[in-house]
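Engineer: here's my sequence, what's the structure:
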Amino acid sequence: MTTPEWNNSHNYGQGSEQGYGYQNQNPNPGAPYGQPGYAGAGPQAGFQPGTVYAPTPPDAPGAVGQGFKGYFQNFGPWFGAAVVYLVLQFVPMIPFTFVIALSGILEAEGTASPGPIGATAAFISLLLLGACVFLVGLWMYANFYHGAVEEANGQRVSFRGLFRFDGGRVGTMVTLAAYGILVWLGCLLFIIPGLIIAFLLCWVAVIKAEDPSKGIGEAMAESYRLSTQNIGTTLLLVVLLVLLQLAASLIPIVGSLVVLPVLYFAWVLAYRCLTRRPAARW
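Structural biologist: Sure, this is the predicted structure:
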């Protein structure tokens, strides 16, 4: 995350009250943004991968392409973290599946009957399992959004950095949970309202990760404005990412693990373009 001093020294975020227009806030568009040590404050000769550059025009395909490049520049930590999160989500299912299978065998042989107590215990176990998988998923999403923000700032995320549990991550987890609940409630009303809510609030997690000090309502309001003022770019990005996930699903597990981090890079980089903020390029 950037500091106020860094923002002020590079005109970062100025003019935000003017909405999401495309005015370039940098008087020298060719000059990279960044802190001394990874980007520098002035023009540099040639392109430097991972350097934070001036804002670029909204470009959904470009955000996805840069997402792939940024991801493969730091492939190890991201892929390793995706594998660990997958294991954390599926390992708790193993004993539960074993118990259910054993109960089914015993019941079929007539040596045991689940009874009301057994059925209640199974139901509670299922709820606990679902809650565990859900929370691990939220933890992963939050860390991947925050990690993508750090990468967009020109910083390389470490493997350990993708497993943080701090106030910023918790705030993003709560925001994601609220977003999911709203989409679920909308889908109960003949699906279409849920899809509309999902589209209008699709930026909410990125906004929260970019600025953890914002409240959930504030992040949702900003996402609504951003989506409605950039319908074409937002819709194209959503379609591209859905197609990317469908293509990855053709290679079970491995495909999804490889592609998953790219989604977060793409969301953050596209958000930086739409809000005219500097971001790393590779």
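
Engineer: which strands or helices does the helix or strand harbouring residue 128 pack on?
Structural biologist: Of the helices and strands defined by DSSP states H and E, residue 128 is found in helix 115-152. Contact here means 3 or more C-beta pairs under 8 Å, 6 or more residues apart in numbering; DSSP states H and E; on that basis helix 115-152 packs against helix 75-90, helix 93-109, helix 167-188, helix 204-210, helix 254-274, strand 279-281. Yep, even glycine has a C-beta here, placed from its N, CA and C like the rest.

Engineer: go again with 6 Å.
Structural biologist: helix 75-90, helix 167-188, helix 204-210, helix 254-274 (3 or more C-beta pairs under 6 Å, 6 or more residues apart in numbering; DSSP states H and E).

Engineer: alpha carbons of the helix or strand just after the shortest one, as PDB, please.
Structural biologist: Put plainly, it is helix 204-210. On the C-terminal side of helix 204-210, the nearest following helix or strand under DSSP H and E is helix 216-229. Extracted in PDB, the C-alpha atoms of helix 216-229 (Å, rounded to 0.1, in the frame of the first residue of the first chain):
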ATOM      1  CA  ILE A 216     -18.100  -1.500   3.200                       C
ATOM      2  CA  GLY A 217     -20.900   0.900   2.200                       C
ATOM      3  CA  GLU A 218     -18.400   3.400   0.800                       C
ATOM      4  CA  ALA A 219     -16.600   0.700  -1.200                       C
ATOM      5  CA  MET A 220     -19.900  -0.500  -2.600                       C
ATOM      6  CA  ALA A 221     -21.000   3.000  -3.600                       C
ATOM      7  CA  GLU A 222     -17.700   3.500  -5.400                       C
ATOM      8  CA  SER A 223     -18.000   0.200  -7.100                       C
ATOM      9  CA  TYR A 224     -21.500   1.100  -8.300                       C
ATOM     10  CA  ARG A 225     -20.200   4.400  -9.700                       C
ATOM     11  CA  LEU A 226     -17.300   2.800 -11.400                       C
ATOM     12  CA  SER A 227     -19.400   0.000 -13.000                       C
ATOM     13  CA  THR A 228     -22.100   2.300 -14.300                       C
ATOM     14  CA  GLN A 229     -19.600   4.900 -15.700                       C
END
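
Engineer: and residue 64, what element?
Structural biologist: Using DSSP H and E, residue 64 falls in helix 60-73.

Engineer: give me the angle between that helix and helix 115-152.
Structural biologist: 100 degrees (axes from the mean of the first three to the mean of the last three C-alpha atoms, to 10 degrees).

Engineer: residues in contact with helix 60-73?
Structural biologist: With C-beta atoms under 6 Å, 6 or more residues apart in numbering as the test, helix 60-73 has contacts from 78, 151, 233, 236-237, 240, 261-262, 265-266, 269-270, 281-282.

Engineer: got the CA positions of that helix in CSV?
Structural biologist: The C-alpha coordinates for helix 60-73 follow below in CSV (Å, rounded to 0.1, in the frame of the first residue of the first chain):
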residue,chain,number,x,y,z
ALA,A,60,-9.6,-4.9,-20.3
PRO,A,61,-7.6,-7.2,-22.6
GLY,A,62,-4.5,-5.3,-21.7
ALA,A,63,-5.2,-5.8,-18.0
VAL,A,64,-5.5,-9.5,-18.5
GLY,A,65,-2.3,-9.7,-20.5
GLN,A,66,-0.4,-7.7,-18.0
GLY,A,67,-1.9,-9.9,-15.3
PHE,A,68,-0.3,-13.0,-16.9
LYS,A,69,3.0,-11.2,-17.3
GLY,A,70,3.1,-10.0,-13.7
TYR,A,71,2.0,-13.4,-12.4
PHE,A,72,4.8,-15.3,-14.3
GLN,A,73,7.4,-12.7,-13.2
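
Engineer: which residues of this structure score low on pLDDT?
Structural biologist: 1-50, 99-119 (pLDDT under 70).

Engineer: at 50 instead, please
Structural biologist: By pLDDT under 50, the weakly predicted segments of the chain are 1-47.

Engineer: returning to that earlier point: next one: the helix holding residue 64 to chain centre, how far?
Structural biologist: A distance of 14 Å separates the centroid of the chain from that of helix 60-73, by C-alpha atoms, centre = their mean, to the nearest Å.

Engineer: give me the distance between the closest residue to residue 129 other than its chain neighbours and residue 126.
Structural biologist: In space, and not counting its chain neighbours, residue 129 is closest to residue 96: 5.3 Å by C-beta to C-beta, 6 or more residues apart in numbering. Here residue 96 is placed at a distance of 7 Å from residue 126 (C-beta to C-beta, to the nearest Å).
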